[in-house]
Structures are given as structure tokens and as C-alpha cells.
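Engineer: model this:
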Amino acid sequence: MTTVSDQLDVLVEPQPSSARRTVPIWLALIAASLPMFMATLDNLVMTSALPVIQQNLQATVGQLQWFMNAYTLAFATLMLAAAGLGDRWGRRRVFLYGIALFTAASIASALSTTPAMLIAARAVQGVGAAAIMPLSLTLLAGAVPAAKRALAIGVWGGVSGLGVALGPVIGGAVVDGVSWQAIFWLNVPVALVAVPLALYALGESRGRRAPMDLLGVALAGAGVFLGVWAIVHGNDDGWTSAMVLGSLAASALALTGFVIHELRTPNPVMPMRLFRSRSFSVANVIGLAFTLGMFGAVFLLAQYLQIVMGYTPFQAGLRTLPWTAAPMVVAPIAGILAPRVGLRPLLVSGLTLQAASLVWMAMILEPGTSYGAMVPALAMAGIGMGLTFAPSATAVLIDMAEVDHATASSVNSTIREVGVALGVAVLTAVFLGKGGSLTPAGYADGLQPALLVGAASVVVAIVAALAMPSRKEQSV
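Structural biologist: The predicted structure follows:
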């Protein structure tokens, strides 16, 4: 008897090259980007819903962080493994399995009745997203002629920005109009469209077939998880407590062991040779520092609009659009400009706008501040994000052989998701440590120092961007 698994294997089995269809570039772009949009949407779709979920599930502040970080940590730690599986089993095959798992976990999230259930379901959702995000860029790069690749990556970055933009808006609209559970049910119809589209428009491809570096995956995952756990629990348990210090020490040991192991193993999950490329190395420093500062700020500001300003979830989501929607417009433009002006000017300009915006908001946000006073800073942040997304994605692949595209993209996506998790943890720890609370009177007390820490992290990214090779040193 033919099982469902057997049927799926037949569906995703690579076709001979002679049988592959020639499809329009725009269709391949949609096929690669739609599942990625779904995965990026779920990074922030919960931000507008967190106050409602807190009340319905009686969640603590720490659990609110884990609703976000369970997803981002699973996402981050397994992307490299997913890319390796894609190289061995077929990138489109693993991409489709990721969509299926992501959708199943979305259903489980919607059915959760306790914080623990939701955290567990979000973690599984992150596992599915780990197979979607890096392979979407790899499949797109393989489907687009080299001459049009920078533009395609720019559009891909714009779609990623659209996921960021619509996350708070869609989450808020659905929570106001239906329920918080519905934000997860939305993924089901998207997946029903995405799977047949990917089967039609994306060809199968493979990379180097090497044994899976399970020890490397375990060491990286343990190091990141223990570090974030310690940061999340530092304020509650005490920064000098045995559990927090022990977790930080174990995290440092695991990450050190990971680097040593990757340098010695013949089949590393994160090949250190990739970091010989200056563009690749700089892009990853930027990815970590920029996402730490900006996405930690998004987490806090989305709740500020509800808790302090009194907006509903949907109203709050709409009011993030000057920030979150701008990348959708600016990122494709940056992708077009990159070959003409080079990556460095775009990155430095974009990151400078973002750091300045966080400082601006830190100075003006307090009880009684009007939303109108925030708009210029929000728009500045959004334009800066748009100038950063596409050039940084281009820098990741620009010096890489095609066979390394999946691994290089996975490394960068992993580092950026670690930045998201660290951003939520670090900025929330600063927020709570400075006396911030989830009340109108107490929120601003912790928000200002948290935003300034976020700005400092983006300044680190600016310094790194200055080391990006110039246009003369590198052909875009």
C-alpha cells in the first residue's frame, strides 16, 4: 500500500533536467518568497498580540519572551542543519518538508491552552522555519540568471521586509477581529498555496553530500540556548546566582567548543573557511548587531503602543507601519543601487539612520508623548532597515561559489536569528533591570535605557560596515 509519506516523496523527487519547465522569473520569485514571507511574518506576528495572550493564558514576562524566543532559537540553531540536509536530500524537498512542519506547528500553536503548550509549539514552528528561510534564498539564486540576481535578492529582501511590516498589523487586526489563535490559523491557507507553487516553479538542486555534523549542531544550539536562558532569567534569579552564572559559563564553553570543533572536523556544519571572505564576515557581524538592536526595540515598542498609549492591537500594529513597511519599498531600490554605488555606502547610511532613530525615540518616549512625535523616528528606522536588508544579503553571497550558497545563507540567517533572540532577551533584561513594568506608569522607566542599548548595538554594526570592501575592491 502506498503511504502518504511515499506519495510526498514522489511529489518532491527531483525531475531530470530535461523535464524541467522553464518558468518566468517572477513566478520563481513568488514561489521562493511566499513561504519565506510566512516564516518572517511569524517572527513579529505575536508582538501586537502579547498583551492579550498574557491575559488569556496568565503568562509572565519571562514566558512572553519565550513565546518569541522559542521560535527564534529553534529557527537559528537548526538552519545550518537544514541547509546540510538540503544539500544531501534535495533543497526543494527539504524546503517543502519545512513548510509542512511549520504549518502543523502553527495549528498546534492555535490549539494551545497553556503557556507551556504555546512555547513548545512555537519551538516546533521554528524548526520548520529553519528549513524555509535559507533554502528560499538558495532556490531563488539558482532560479535567477546571474545578471538579475542582485535585483531578485532586492525583491526577496523587500518581501522579507513585508513580513516584518505586516507581522504586527496582521497580528493586531486578527486579534481585534477574531482571536489571538487565528494569527496561527492564517498560515494554513498560505501553505496550501505555497506547496504546489514551489513544486511547479522551483527546480530541485543539491550541494555537497557530506556526513551531518551533529556534534556541531548540538554545541551551537546548547551555547545559544544557555546564553539566552541566562539573560532572560538574570533579573528574576539574580545576575550572580549560581544558575545564571553557571548557564553563562556553560554557554561560553559550548560556543568555544563549537568553534574548535568546526576548525577540526572534515565536514563542519558552519565551515570556518567561509569567514575568509571579508564581505561575508562583515555581513554577519552586521546581521548580529543590527538585529539585536532593532528587533529587541520592536518587541518593546509594539507593547508600548498598547500599554502606555492605549491603542488596541490592530491600532498599535498600524502605527508601526512607518517603521516596518518602509523596507518593502526601500529594499528593492537598494538592490538596484548596490551594483552602482557599492554595498558600503548603503549599509553605513542605513545603519546610521537606525541608530539615530533609536536614540531619538529614547529621548522623546514618556507618558504623554503623542504618536505624531514618534512618526519621523519610526520612518527613519524603516528607511534604514530597507537600506540594510538587500545589501547585507548580497554581501553574504557575493564571494561564494554557487555550491556554498545554501551554507553561506544559512550561516547568515542563523546569526541574524540569534541576534533577534538576544535582542529580545537583552533589551527586556535592561528594561526590567531599570525598573520597567507592564503598566502605563512604569513602562517608560525601562524603555529609554533599553532603546539606548539597542542603539549602541547598531553602532557596532556601523563600525563593521565601514570594513565592507569598496566597490573598487569587489564587483557587485
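
Engineer: distance of the residue nearest the centre of the chain from residue 221?
Structural biologist: For the chain, the residue nearest the mean C-alpha position is residue 417 (4.6 Å; CA atoms, centre = their mean). From residue 417 across to residue 221, the span is 12 Å (CB to CB, to the nearest Å). C-beta here means a position set from N, CA and C on the backbone, and glycine is covered the same way.

Engineer: mind listing the shared neighbours of those two?
Structural biologist: residue 73 (CB atoms under 8 Å, 6 or more residues apart in numbering).

Engineer: quick revisit: for the spatially closest residue to the residue nearest to the centre of the chain that is not a sequence neighbour, which residues are in contact?
Structural biologist: In this structure, residue 417 finds its nearest non-sequential neighbour in residue 76, 3.5 Å apart by CB to CB, 6 or more residues apart in numbering. By CB under 8 Å, 6+ apart, the residues touching residue 76 are 126, 130, 224, 413, 414, 415, 417, 418, 420, 421.

Engineer: and if we set it to 10 Å?
Structural biologist: Neighbouring residues of residue 76 by CB atoms under 10 Å, 6 or more residues apart in numbering: 69, 126, 129-130, 133, 220-221, 224-225, 228, 413-422.

Engineer: residues touching the helix or strand harbouring residue 249, excluding its own?
Structural biologist: For residue 249, the host element (DSSP states H and E) is helix 242-264. Outside helix 242-264, the residues that touch it by CB under 10 Å, 6+ apart are 213, 215-239, 241, 268-273.

Engineer: try it again at 6 Å.
Structural biologist: Here helix 242-264 makes contact (CB atoms under 6 Å, 6 or more residues apart in numbering) with 216, 219-220, 222-223, 226-227, 229-230, 233-234, 237, 268, 270, 272.

Engineer: and the residue nearest to residue 366 when sequence neighbours are not counted, its phi and psi?
Structural biologist: Residue nearest to residue 366 in three dimensions, not counting chain neighbours: residue 444, with 4.6 Å by CB to CB, 6+ apart. Dihedral pair for residue 444: phi -70, psi -30, per degrees, to the nearest 10.

Engineer: what is the neighbour count of residue 444?
Structural biologist: 17 (other CB atoms under 10 Å).

Engineer: equivalent analysis for residue 439, please.
Structural biologist: Neighbouring residues of residue 439 were enumerated by other CB under 10 Å; the total is 10.

Engineer: with residue 315 instead?
Structural biologist: Residue 315 has 18 nearby residues by other CB under 10 Å.

Engineer: what does the helix or strand hosting it contact?
Structural biologist: Take DSSP H and E as the rule and residue 315 turns out to sit in helix 313-319. With contacts defined as CB under 6 Å, 6+ apart, helix 313-319 is touched by 48, 49, 168, 169, 172, 173, 175, 176, 305, 306, 371.

Engineer: highest neighbour count among those residues?
Structural biologist: residue 48 (33 neighbours).

Engineer: show me what contacts it?
Structural biologist: So residue 48 contacts 168, 171, 172, 302, 313, 316, 317 (CB under 6 Å, 6+ apart).

Engineer: what about the fourth one, helix or strand, and which?
Structural biologist: In other words, residue 302. Element membership for residue 302, per DSSP H and E: helix 278-307.

Engineer: also the second one?
Structural biologist: Element membership of residue 171 [criterion: DSSP H and E] is helix 149-177.

Engineer: just the element for residue 240, please.
Structural biologist: Counting by DSSP H and E, residue 240 is found in no helix or strand.

Engineer: give the PyMOL command for selecting the buried subset of the contacts of helix 242-264.
Structural biologist: Buried subset of the contacts of helix 242-264, written as a PyMOL selection, criterion 16 or more other CB atoms under 10 Å:
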select buried, resi 216+219+220+222+223+226+227+229+230+233+234+268+270
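
Engineer: nearest to residue 282, of the contacts of helix 242-264?
Structural biologist: The nearest member of those to residue 282, counting by CB to CB, is residue 272 at 15.7 Å.

Engineer: just list the residues touching the closest one, thanks.
Structural biologist: Residue 272 touches 262, 263, counting by CB under 6 Å, 6+ apart.

Engineer: just checking, residue 458 touches residue 354?
Structural biologist: Yes. Contact between residue 458 and residue 354 holds when scored by CB atoms under 6 Å: they sit 5.1 Å apart.

Engineer: leaving out the residues flanking it, which one is nearest to residue 220?
Structural biologist: Nearest to residue 220 is residue 258, by CB to CB, 6+ apart, at 5.0 Å.

Engineer: low-confidence ranges, the chain, go.
Structural biologist: Residues of the chain meeting the criterion pLDDT under 70: 1-23, 146-147, 149-150, 154, 157-158, 160-162, 164-165, 207-210, 406, 471-476.

Engineer: domains for it, by residue range?
Structural biologist: 23-204+269-465, 213-268 (automatic domain parsing).

Engineer: and these, which is most packed in?
Structural biologist: The highest average neighbour count among these, using mean count of other CB atoms under 10 Å, belongs to domain 23-204+269-465 at a mean of 22.

Engineer: which ones are touching residue 64?
Structural biologist: residue 50.

Engineer: do you know how far it is from residue 49?
Structural biologist: For residue 64, the distance to residue 49 - CB to CB - is 10 Å.

Engineer: just residue 458 next, same as before
Structural biologist: Look at residue 458 and residue 49: by CB to CB, they are 26 Å apart.

Engineer: before we move on, what about residue 244?
Structural biologist: Counting by CB to CB, the gap from residue 244 to residue 49 is 29 Å.

Engineer: residue 368 in helix, strand or coil?
Structural biologist: Per DSSP: H, G, I helix; E, B strand; the rest coil, the local secondary structure of residue 368 is coil.

Engineer: what does it show for phi and psi?
Structural biologist: Here is the backbone geometry of residue 368 (degrees, to the nearest 10): phi 100, psi -10.

Engineer: likewise residue 440?
Structural biologist: phi -60, psi -40.

Engineer: and the angle from the helix or strand hosting residue 66 to helix 278-307?
Structural biologist: Element membership for residue 66, per DSSP H and E: helix 61-89. Relative orientation of helix 61-89 and helix 278-307, computed by axes from the mean of the first three to the mean of the last three CA atoms, to 10 degrees: 150 degrees.
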